[in-house]
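>>> Only the shape, not the letters, is given here:
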């Protein structure tokens, strides 16, 4: 019995070392797995958000072209509603399909921002098709631009991508274009004669 008692501290040391190694390895592997999962889900989120933004921008492009045909918007490439309505329906369906991925993968702030952006696109569509709205075309363009900005900011926050510099880079440049086309020209200088 005496040799067993003399070997007991060494045996306990081996058991303790084995348990510590097992726990350390398990924690490291679990951490590595979580990191890999996080990267995988971030990649899927980026793809879902990019696809959604692209589909919504395509929908808005069709809306703006129809609005130009109806005299609501100064666009160089108007689209007759007879041709545009099927394109509008297809673009709307594509946006709806892409929306499902945002709902499945997005955080609450991204979902809220995405919903706001597509609600503003619906307002644009109503005006483009001659329906009434509580906002003017230019106000709706501005609100759509702000909603787009909100979406991109929410996505960057969720993905922990730093936002450096002014965030107006995320806004729709259509706002600036419309401001330049609706700003009255400066008065002409008086004729010296």
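Received the coordinates, thanks. Keep in mind that what you see is a predicted model, and the values were worked out from it rather than measured.

>>> what are the ranges of the strands in the chain?
Here the chain has no strands by DSSP state E.

>>> which intervals of it have sub-threshold pLDDT?
By pLDDT under 70, the low-scoring segments of the chain are 1, 27, 31-40, 166-193.

>>> now the helices: where do they sit in it?
Using DSSP state H, the helices found in the chain span residues 2-69, 81-105, 108-128, 137-158, 174-182.

>>> need these in TSV with distance to residue 75 and mean neighbour count, can you?
C-betas here are computed from N, CA, C, even on glycine. Formatted as TSV, these follow (distance: least, CB to CB, whole Å; neighbours: other CB atoms under 10 Å):
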stretch	distance to residue 75	mean neighbour count
helix 2-69	3	14
helix 81-105	12	16
helix 108-128	10	20
helix 137-158	11	20
helix 174-182	10	13
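
>>> Tell me which of those helices lies nearest to residue 165.
Across those, residue 165 has its closest neighbour in helix 137-158 (11.9 Å, CB to CB).

>>> Return the distance of the closest one from the chain's centre.
When distances are taken as CA atoms, centre = their mean, to the nearest Å, helix 137-158 is centred 9 Å away from the chain's centroid.

>>> That helix - contacts with which helices or strands?
Here helix 137-158 touches helix 2-69, helix 108-128, helix 174-182, going by 3 or more CB pairs under 8 Å, 6 or more residues apart in numbering; DSSP states H and E.

>>> Residue 164 is nearest to which of the helices of the chain?
Taking CB to CB as the criterion, residue 164 comes closest to helix 137-158 out of the helices of the chain, the separation being 10.1 Å.

>>> Next, the angle helix 81-105 makes with the closest one.
Following axes from the mean of the first three to the mean of the last three CA atoms, to 10 degrees, one obtains 30 degrees for the angle between helix 137-158 and helix 81-105.

>>> what angle sits between helix 137-158 and helix 2-69?
Orientation check (the same axes, to 10 degrees): helix 137-158 against helix 2-69 gives 170 degrees.

>>> TSV please, covering the helices and strands packed on helix 137-158 and showing distance to residue 138.
As requested, the helices and strands packed on helix 137-158 are exported to TSV (distance: least, CB to CB, whole Å):
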stretch	distance to residue 138
helix 2-69	12
helix 108-128	10
helix 174-182	6
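
>>> which one of those helices lies closest to residue 151?
Using CB to CB, these put helix 108-128 closest to residue 151, at 4.2 Å.

>>> Run the angle between that closest one and helix 2-69 for me.
Using the same axes, to 10 degrees: helix 108-128 against helix 2-69 is 10 degrees.

>>> Run through who's touching helix 108-128.
49, 52, 56, 59-60, 63-64, 66-67, 70, 72-73, 88, 95, 99, 102-103, 106, 132-133, 135, 137, 140-141, 143-144, 147-148, 150-151, 153-155, 157-158 (CB atoms under 8 Å, 6 or more residues apart in numbering).
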